[in-house]
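Chemist: okay, predicted coordinates and the sequence, questions at the end:
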Amino acid sequence: MNKIGIIGAMELEVETLKEKMKINNIVKKASMDFHEGSLNDVEVVIVRSGIGKVNAGICVQILADLFHVTHIINTGVAGSLNPSIDIGDIVISTDAMYHDVDATVFGYQPGEIPQLGQREFIAEPSLIALAKVACEDVNPDIHAFSGRVVSGDQFISDKAVKERLVNVFEGFCAEMEGAAIAQASTLNHIPFVIIRAISDKADESAEMDYPSFERKAAADCAKLVAHMIQKI
Ligand code: ADE
């Protein structure tokens, strides 16, 4: 029986899902509230992880150990790294990678954690396919792209930093949790996908755009997730 762990870093990324779900139990752990119950008749655990890689990694480990989730979906917002991907569009992860890990002095690739054996964390193809279909079903006016999500403990709002994420990491969007969720899911052998709606362009305009667009972007993304879980 499937049990889907749904993670959003911020309250506004999970609030519409929590409103829609039937909550059976709330478990507090590591200062996070894990909402157990069902959403559209699918067993789920919905949680706000908090922002950043450490919160995200802890959250996945708890979903694995305490709740034995079978799949993990990360929903939320991100900054676009590609001129074709506009505010309001959606990026579905093919894989995820850190942009703030650097052991290149020892011959590792940018973004590669030493001795881990992999730099890219590959999302589950069947979840990617379901997310694409769900986007066409529920958000037909929104463009969905699939590509690499790059993550780090930085809000990207500088053109030069953004260009590095494009040139070095070939990211489609930047955010602050996806790669940590991807790594922790991979280490626990849990299939995952990251789905992010674009709230800003990850350059100097982000400071203005992000507060204006984050709410709608987060809600569009959550709507897609609520729909796709019925098909898993
Ligand atoms: N989340 C949304 N926009 C972002 C950005 N520009 N950088 C990092 N995380 C984000």
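Modeler: Looks like it arrived, so ask away.

Chemist: as a check, name the ranges of all helices in the chain.
Modeler: For the chain, the helices defined by DSSP state H occupy 11-20, 53-65, 125-138, 159-167, 178-187, 206-228.

Chemist: what about Glu112, how many neighbours?
Modeler: 20 (other CB atoms under 10 Å). All C-beta spots, glycine's among them, are computed from the backbone N, C-alpha and C.

Chemist: residues in contact with it?
Modeler: Neighbouring residues of Glu112 by CB atoms under 8 Å, 6 or more residues apart in numbering: 101, 103, 118-119.

Chemist: for the residue of the chain found nearest the ligand, grab the count of nearby residues.
Modeler: Relative to the ligand, the nearest point of the chain is Gly79 (2.7 Å; CB to the nearest ligand atom). By the criterion of other CB under 10 Å, Gly79 has 28 neighbours.

Chemist: correct me if wrong: it contacts Phe172.
Modeler: No - counting by CB atoms under 8 Å, Phe172 is not a contact partner of Gly79; they are 10.4 Å apart.

Chemist: joint contacts of these two?
Modeler: By CB under 8 Å, 6+ apart, no residue touches both Gly79 and Phe172.

Chemist: who in the protein is up against the ligand?
Modeler: Within reach of the ligand by CB under 6 Å from any ligand atom, the chain has these residues: 77-79, 155-157, 174-176, 199-200, 202, 206, 210.

Chemist: now with 8 Å, please.
Modeler: Applying CB under 8 Å from any ligand atom, we find that the chain lies next to the ligand at 76-79, 152, 154-157, 173-176, 196, 198-202, 206, 210, 214.

Chemist: among the residues you listed, name the buried ones.
Modeler: 76-79, 152, 155-157, 173-176, 196, 198-202, 206, 210, 214 (16 or more other CB atoms under 10 Å).

Chemist: so Val45 sits against Leu39, correct?
Modeler: No - here Val45 lies out of contact with Leu39, judged by CB under 8 Å, at a distance of 10.0 Å.

Chemist: between the two, what contacts are shared?
Modeler: Ile6.

Chemist: which residues touch Met21?
Modeler: 35, 37-39, 44, 46.

Chemist: which of those are buried? Put it as a PyMOL command.
Modeler: What follows is the PyMOL syntax selecting those of the contacts of Met21 that are buried according to 16+ other CB under 10 Å:
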select buried, resi 35+37+39+44+46
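
Chemist: any chance of CSV for the contacts of Met21, columns pLDDT?
Modeler: Below are those laid out as CSV (pLDDT from 0 to 100):
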residue, pLDDT
His35, 98
Gly37, 98
Ser38, 98
Leu39, 98
Val44, 98
Ile46, 98
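
Chemist: restricted to strands, list the contacts of Met21.
Modeler: Assigned to strands by DSSP state E, the following of the contacts of Met21 qualify: 35, 37-39, 44, 46.

Chemist: would you format the residues you listed as TSV with distance to His143 included?
Modeler: Formatted as TSV, these follow (distance: CB to CB, whole Å):
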residue	distance to His143
His35	31
Gly37	32
Ser38	31
Leu39	25
Val44	27
Ile46	26
